[in-house]
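# quick one: sequence plus predicted model below, questions after.
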Amino acid sequence: MANMFALILAVATLVTGIIWCLDRFKLAPARREKIARLKVETAGAVDEPTLSKAAKQPGWVETCASVFPVLLVVFVVRSFIYEPFQIPSGSMMPTLLIGDFIVVEKYAYGLKDPITQTKLISTGEPKRGDVVVFKYPLNPQLDYIKRLVGLPGDRISYDPMSKEVTVQPACNNGQACDKALAITYTANDASHFVQTFGQASGSEASSGFFETDPSAPVPQDGVRLLERKETLGDVTHNILTVPGARDQLGAYYQQPGQPLGTWVVPAGHYFMMGDNRDNSADSRYWGFVPEKDLVGRASGIWMSFEKQEGQWPTGIRLSRIGGIH
């Protein structure tokens with residue numbers, strides 16, 4: 001869907017641009033010549049408004065010529081500089097909440113062809129801890145957002161009991177990689193977030209996330225999430241976990257030659273995880289993200305609405321406007 005919109009925007013910009021050029025360099029000079037000729041033929045007896053009507057610019061040409069500069073600015077900004085996105089789920093809580101509207105730096109990892117996503121100019125490389133928007137590898141029509149945990153060559157291990165990550169760099173070059181990246185965790189504390197579980201239509205389970213004071217009582221159908229700080233190299237951020245919840249190892253993506261819960265990131269790929277660790281479908285479950293699928297780095301929140309997944313907003317959270325860490 002995103003690529004289709006980019007294609008439609010590119011075609012609209014191209015078509016209106018051609019008409020704008022045609023009008024500016026051919027049709028407009030022809031109209032001016034016609035007006036000048038009519039002035040001579042009428043010996044100045046006809047006023048300017050009447051002469052202008054005799055060589056009037058066609059309405060569709062005027063519309064296209066007026067729209068082109070706007071489309072050009074939108075196309076350039078959206079394709080190469082910034083693009084807005086909405087956060088639809090809670091997989092990146094507490095960093096990003098449902099209803100946050102973010103801006104993504106499209107140039108962070110290189111300027112790409114907006115249609116084919118081929119890199120044209122390299123402007124930077126992804127770093128561990130970046131919050132990244134990318135095309136979901138199993139369905140490129142969907143945009144996902146997660147935190148980048150593993151770079152090419154990293155060996156990633158995830159302990160579903162302690163819910164901690166281990167990263168060992170440079171493990172795909174044939175050398176021993178017994179040195180782990182410094183990753184530290186603080187103790188678990190009660191968070192401001194409660195996850196509720198209910199029944200939707202039929203027997204399908206539904207859940208929601210609500211922000212409350214840590215000392216407030218928890219509904220009978222809910223559980224208060226635990227929060228702790230994770231320091232991934234030189235990037236510190238908060239993560240959430242569900243107390244007592246354990247991942248189903250059988251659902252993990254098993255890389256050939258690696259045990260369950262361990263992955264070695266191939267060249268040109270990245271390993272992504274959500275900050276809401278027990279509520280995130282990420283690289284643990286479906287594998288790696290190719291470099292070509294990276295859209296950009298999330299850099300800020302420009303608007304935030306109080307809402308639940310799939311529901312209408314109920315308020316505005318102006319306090320959330322600002323940078324993303």
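Looks like it came in fine.
# apart from its chain neighbours, what residue comes closest to residue 260?
residue 249 (5.0 Å; CB to CB, 6 or more residues apart in numbering). All C-beta spots, glycine's among them, are computed from the backbone N, C-alpha and C.
# can you get me a residue count around the one you found?
13 (other CB atoms under 10 Å).
# also residue 24?
Neighbour tally, residue 24, other CB under 10 Å: 12.
# need the next SSE after the lowest-mean-pLDDT helix or strand in the chain, C-terminal direction.
The weakest-scoring helix or strand in the chain, judged by mean pLDDT, DSSP states H and E, is helix 48-54 (a mean of 66). Downstream of helix 48-54, the next assigned helix or strand under DSSP states H and E is helix 59-76.
# shaky segments in this protein?
1-2, 43-55, 172-176, 198-206 (pLDDT under 70).
# just checking, what's the longest strand in it?
Identified as the longest strand of the chain according to DSSP state E is strand 294-306.
# separation between the nearest residue to residue 125 once chain neighbours are set aside and residue 58?
Of all residues not flanking residue 125 in the chain, residue 109 sits nearest, at 6.8 Å (CB to CB, 6+ apart). As judged by CB to CB, to the nearest Å, residue 109 and residue 58 stand 44 Å apart.
# neighbour count for the two, which is higher?
Taking neighbours as other CB under 10 Å, residue 109 and residue 58 compare with residue 109 leading, 22 against 10.
# that one in helix, strand or coil?
Assigned with DSSP: H, G, I helix; E, B strand; the rest coil, residue 109 falls in the coil class.
# from residue 130, how far off is it?
In terms of CB to CB, residue 109 sits 9 Å off from residue 130.
# again, but for residue 194
29 Å.
# apart from its neighbours in sequence, what residue is nearest residue 233?
Using CB to CB, 6+ apart and skipping residues adjacent in sequence, the residue nearest residue 233 is residue 128, 5.2 Å away.
# that neighbour - how many residues pack around it?
20.
# backbone dihedrals for residue 95, please?
phi -60, psi -50 (degrees, to the nearest 10).
# relative to residue 24, how far out is it?
Taking CB to CB, one finds residue 95 at 48 Å from residue 24.
# what's residue 303 in contact with, if anything?
100, 101, 316, 321 (CB atoms under 8 Å, 6 or more residues apart in numbering).
# which one (most neighbours) among those residues?
residue 100 (25 neighbours).
# state the distance from the closest residue to that residue other than its chain neighbours to residue 133.
Closest residue to residue 100 apart from its sequence neighbours, by CB to CB, 6+ apart: residue 87 at 4.3 Å. Using CB to CB, one gets 10 Å for the distance from residue 87 to residue 133.
# so what sits against both of those two?
residue 145.
# for stretch 133-146, how far is the first residue from the last?
In stretch 133-146, first residue to last residue: 7 Å (CA to CA, to the nearest Å).
# in it, which residues are buried?
Using 16 or more other CB atoms under 10 Å as the burial criterion, the residues of stretch 133-146 that qualify are 133, 134, 135, 137, 143, 144, 145, 146.
# looking at the residues you listed, which is nearest residue 230?
residue 146 (13.7 Å; CB to CB).
# correct me, but the closest one touches residue 284?
No - using CB atoms under 8 Å, residue 146 is not in contact with residue 284, being 10.5 Å away.
# anything in contact with each of the two?
The contact sets of residue 146 and residue 284 overlap at residue 273 (CB under 8 Å, 6+ apart).
# next one: the most centrally placed residue in the chain from residue 315, what distance?
Nearest to the geometric centre of the chain sits residue 133, at 3.4 Å (CA atoms, centre = their mean). Per CB to CB, residue 133 is found 25 Å from residue 315.
# and if you look at residue 149?
Taking CB to CB, one finds residue 149 at 33 Å from residue 315.
# more neighbours: the two, which one.
residue 149 (25 against 10).
# got a list of what that one touches?
By CB under 8 Å, 6+ apart, the neighbours of residue 149 are 128, 156, 165, 167, 232, 271, 272, 273, 283.
# highest neighbour count among those?
residue 271 (28 neighbours).
# these two touch, right, it and residue 153?
No - using CB under 8 Å, residue 271 is not in contact with residue 153; the gap is 10.7 Å.
# that'll do, ta.
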